[in-house]
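Asker: Please work out how this folds:
(one chain, ligands or ions: 1)
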Amino acid sequence: MSEAVSVTLLTGFLGSGKTTLLNYFLAHNDNQPVAILENEFGAVNIDGALLRGGENVNVVELSNGCVCCSVRGEFTAALSEMLDKRAAGELQFERLIVETTGLADPAPIVQTFFVDERLREALRLDAVIALADAEHISRQLDEHPVAASQIGFADRILLTKSDRVDEETKARALARIHRINSKAEIYEIVNGECPADLWLSLNAFELTDNVELAGGFHIIRADSQQSSRFQPFRKAQAKQSWDDAIQAHVFDAGLLDLKKIGAFMESCIARFGNDMLRYKGVLAIAEHPQRLIVQGVHKVVGFDYGSAWQPTESRTSRLVIIGRYLPIEEMRREFAATAV
Ligand SMILES: Nc1nc2c(ncn2[C@@H]2O[C@H](COP(=O)(O)OP(=O)(O)OP(=O)(O)O)[C@@H](O)[C@H]2O)c(=O)[nH]1
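Answerer: Numbering: from 1, shown residues only. Take a look at the predicted model:
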């Protein structure tokens, strides 16, 4: 059986720049066979000239509704059909990019890749990329809960259109995005000019040891000699608060008891799994030489042992949960009680 196809899910509110990013990618694609599944209510947004030039690009449109509403049906069927055609040699692609409509909640789409058996074997979800329009994201978050869900699910966030806002507006947008998802790295891009390796092949669903929080954002300018510049978040902005239902919560501790942390995770997933969008932990287990990694999307969870602790390292545990309506104080108490 051939290797699983790497899938990137592109999300972001209406007009956030998804198609612009795709067009930039296609214009700079080095002929790698790629398929794009578009869910755009019939509108052909991908630049036709680019498509004609790119013989290794296949665009499939899913136009009878929004993927998040028909996820068990049309979306799964469209993916299966693409896989059938690939197996029959009618479609060639090593990579699949799914562009969702700006109004789609990524939750059911992400889950499809883990729940459907055939898709789970043939496709490997690489990462969820969310685009956020620096000019409009604050209003979109105020008015549309789905905008927070898109950001909450993301492994990486691309902040677009910063050329249209002043520094103050950008800083506010960044602080709010970071409060919803403090784990995803943020890259500021203009007109889709983003090197492909910054949003493709991130392996975000692998059980890796990394549970760092983003401390700032990267500025990408295609015309710049320097390809990327890191800028820490402003301290003052971090104090501001908004009432987005979705938020990132960080739980820190030292050594944990294996049975207790197992029971805590199981109980959280059973009680609150529907409201836990994404979570990841790198945990130090008493009397165990390796890190315990836990990673999940709602009720789909994976555990594994990662790299060994070095003698010089202090064994600390960190769990980050991006969720909504969570009884955080109660969860903090329960998490703390799993310490040895
Ligand atoms: N000034 C500026 N305009 C941008 C930038 N990125 C995208 N745009 C423009 O924003 C508009 C919307 O971009 P699209 O790429 O169509 O956005 P989309 O997310 O695909 O939109 P939907 O498919 O409707 O959800 C287009 O006119 C783009 O040219 C940017 O960084 N700066």
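Asker: what about residue 76, how many neighbours?
Answerer: For residue 76, the count of nearby residues is 18 (other Cβ atoms under 10 Å). The C-beta positions use only the backbone N, C-alpha and C, and glycine is treated the same way.
Asker: For the helix or strand that contains it, buried residues please.
Answerer: With secondary structure defined by DSSP states H and E, residue 76 is part of helix 76-87. Within helix 76-87, the residues scored as buried using 16 or more other Cβ atoms under 10 Å are 76, 78-79, 82-83, 85-86.
Asker: For it, name the packing helices and strands.
Answerer: Here helix 76-87 touches strand 34-38, helix 117-122, going by 3 or more Cβ pairs under 8 Å, 6 or more residues apart in numbering; DSSP states H and E.
Asker: most tightly surrounded among these?
Answerer: Greatest average neighbour count among those goes to strand 34-38 (a mean of 23), per mean count of other Cβ atoms under 10 Å.
Asker: Just checking: what are the partner strands of that strand?
Answerer: Here strand 34-38 is paired, per DSSP bridges, with strand 57-61 (parallel), strand 95-99 (parallel).
Asker: near the ligand, which residues of the protein show up?
Answerer: Contact residues, the chain versus the ligand (Cβ under 6 Å from any ligand atom): 12, 14-20, 40, 45, 102, 160-161, 163-164, 190-192.
Asker: thinking again about what came up before, now the helix holding residue 76 against strand 95-99, angle please.
Answerer: Going by axes from the mean of the first three to the mean of the last three Cα atoms, to 10 degrees, helix 76-87 is angled at 160 degrees with respect to strand 95-99.
Asker: quick revisit: can you select the buried ones from the residues of the chain next to the ligand in PyMOL?
Answerer: Typed into PyMOL, the line below selects the buried ones among these, using 16+ other Cβ under 10 Å:
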select buried, resi 12+15+16+17+18+19+20+40+102+160+161+190+192
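Asker: Narrow the residues of the chain next to the ligand to those in strands?
Answerer: If you go by DSSP state E, these have 12, 160 in strands.
Asker: Dump the helices and strands packed on helix 76-87 into CSV; add mean pLDDT as well.
Answerer: Converted to CSV, the helices and strands packed on helix 76-87 look like this (pLDDT from 0 to 100):
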stretch, mean pLDDT
strand 34-38, 87
helix 117-122, 91
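Asker: Make a markdown table out of these and add distance to residue 6.
Answerer: Shown next, in a markdown table, are these (distance: least, Cβ to Cβ, whole Å):
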| stretch | distance to residue 6 |
| --- | --- |
| strand 34-38 | 10 |
| helix 117-122 | 11 |
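Asker: can you map out the strands along the stretch 151-300 of the chain?
Answerer: Here the stretch 151-300 of the chain has its strands, by DSSP state E, counting those that start in this stretch, at 156-160, 185-188, 216-220, 228-232, 246-253, 255-256, 276-285, 290-297, 300-308.
Asker: on that earlier part again, please identify the most buried of the strands paired with strand 34-38.
Answerer: strand 95-99 (a mean of 24).
Asker: Next, the residues that contact that strand from outside, please.
Answerer: Residues outside strand 95-99 that contact it (Cβ atoms under 8 Å, 6 or more residues apart in numbering) are 5-10, 18-19, 22, 25, 32-40, 67, 82, 109, 123, 200.
Asker: if we go to 6 Å?
Answerer: Here strand 95-99 makes contact (Cβ atoms under 6 Å, 6 or more residues apart in numbering) with 5-10, 18, 34-38.
Asker: how far is that strand from where the chain is centred?
Answerer: In terms of Cα atoms, centre = their mean, to the nearest Å, the centre of strand 95-99 is found 13 Å from the chain centre.
Asker: Please export the C-alpha coordinates of it as CSV.
Answerer: Extracted as CSV, the C-alpha positions of strand 95-99 are listed here (Å, rounded to 0.1, in the frame of the first residue of the first chain):
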residue,chain,number,x,y,z
ARG,A,95,-0.4,16.1,-1.1
LEU,A,96,-4.0,17.3,-0.5
ILE,A,97,-5.0,20.8,0.6
VAL,A,98,-8.5,21.2,1.8
GLU,A,99,-9.8,24.8,1.6
